[in-house]
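Chemist: The sequence and its predicted three-dimensional model are supplied below.
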Amino acid sequence: MSVVLLSLLTAVLVGWARGGSLERLGALPLRSRRLLAYAFGAQLAGVLVGGPFHALGLVASVACVAVFLQRNRGVRGTGLLATGLLLNALVVVANGAMPVSTAAAARAGVSTAPITTGADPRHELADASTRLPWLSDVVPVPLPGRPEVVSPGDVLVAAGAAQLVVVGMAPGTVRRARPVRPRGRQRTRSGAPPPPGDA
């Protein structure tokens, strides 16, 4: 997805400009990372098998990612990612594929021929029977050489991924050591100062 990749590239540049590094991003304390591999496998299986398994694979993939994000909800950006994935899953499950607005495709300069010929089974053209049409691919993105139409969920995913990268690359806050204050003469429990030899 060009929008997500462009957002990630921009986030990396912003992270570098702010003095961050990719090493810090790789050191983020993320839990249950293997769930991401399960999510990728489930979605890939759905694409390869096709038909109703595409929606099932997407649901399984989103479930794995949702659990991963829930376990890492303290990391900035995961909230936007989870919301975007949930919205995309809702519209795909409701329609069996991701609907694409023909008007948005025309504004972006994207051909709908692969959808009409069946070469792209993951998408379908939106019409009057489309459920949750406002969550489908309705946002035209006329990128030079790589135009596309994305959903509101895709926009949230791109924003969440960018936030995660920028925050993850940022240098950690260095806590300054508190100055050591000179202590006065200690007092005994009775309140009287200790003998000179004990000071």
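Modeler: Alright, I've got the coordinates.
Chemist: Run through the strands of the chain in chain order.
Modeler: 98-100, 123-125, 139-141, 148-150 (DSSP state E).
Chemist: Using CSV, lay out the ones you listed together with distance to Ala162.
Modeler: Any C-beta I mention is one placed from the backbone N, CA and C, and that applies to glycine too. Listed next are the strands of the chain as CSV, based on distance: least, CB to CB, whole Å:
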stretch, distance to Ala162
strand 98-100, 22
strand 123-125, 25
strand 139-141, 15
strand 148-150, 14
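Chemist: Go through the ones you listed and name the closest to Leu81.
Modeler: For those, proximity to Leu81 was assessed by CB to CB; strand 148-150 is nearest, at 14.8 Å.
Chemist: who does the longest helix seen in the chain touch, helix- and strand-wise?
Modeler: For the chain, the helix with the greatest residue count under DSSP state H is helix 52-71. If you count contacts as 3 or more CB pairs under 8 Å, 6 or more residues apart in numbering; DSSP states H and E, helix 52-71 packs onto helix 34-49, helix 78-95.
Chemist: Let me see the confidence value for the residue lying closest to Leu36 once chain neighbours are set aside.
Modeler: Using CB to CB, 6 or more residues apart in numbering and skipping the chain neighbours, the partner closest in space to Leu36 is Phe68 (6.1 Å). As predicted, Phe68 sits at a pLDDT of 88.
Chemist: next one: the one 10 residues further on
Modeler: Here the pLDDT value assigned to Thr78 is 86.
Chemist: what sits against it?
Modeler: Thr78 sits next to Leu69, Asn72, Gly160, Leu164 when contact means CB atoms under 8 Å, 6 or more residues apart in numbering.
Chemist: what's the answer for Met98, then?
Modeler: Applying CB under 8 Å, 6+ apart to Met98 gives the contacts Asn88, Val91, Val92, Arg122, His123, Glu124, Ser136, Asp137, Ser151.
Chemist: neighbours of Leu87, just the number please.
Modeler: Neighbour count for Leu87, taken as other CB atoms under 10 Å: 21.
Chemist: Same check on Pro52?
Modeler: Pro52: 10 neighbours (other CB under 10 Å).
Chemist: in stretch 113-128, what counts as buried?
Modeler: Within stretch 113-128, the residues that count as buried by 16 or more other CB atoms under 10 Å are Ile115, His123, Glu124, Ala126.
Chemist: if we can go back for a sec, mind telling me which of the helices and strands packed on helix 52-71 the model trusts least?
Modeler: Among those, helix 34-49 scores lowest, at a mean of 83.
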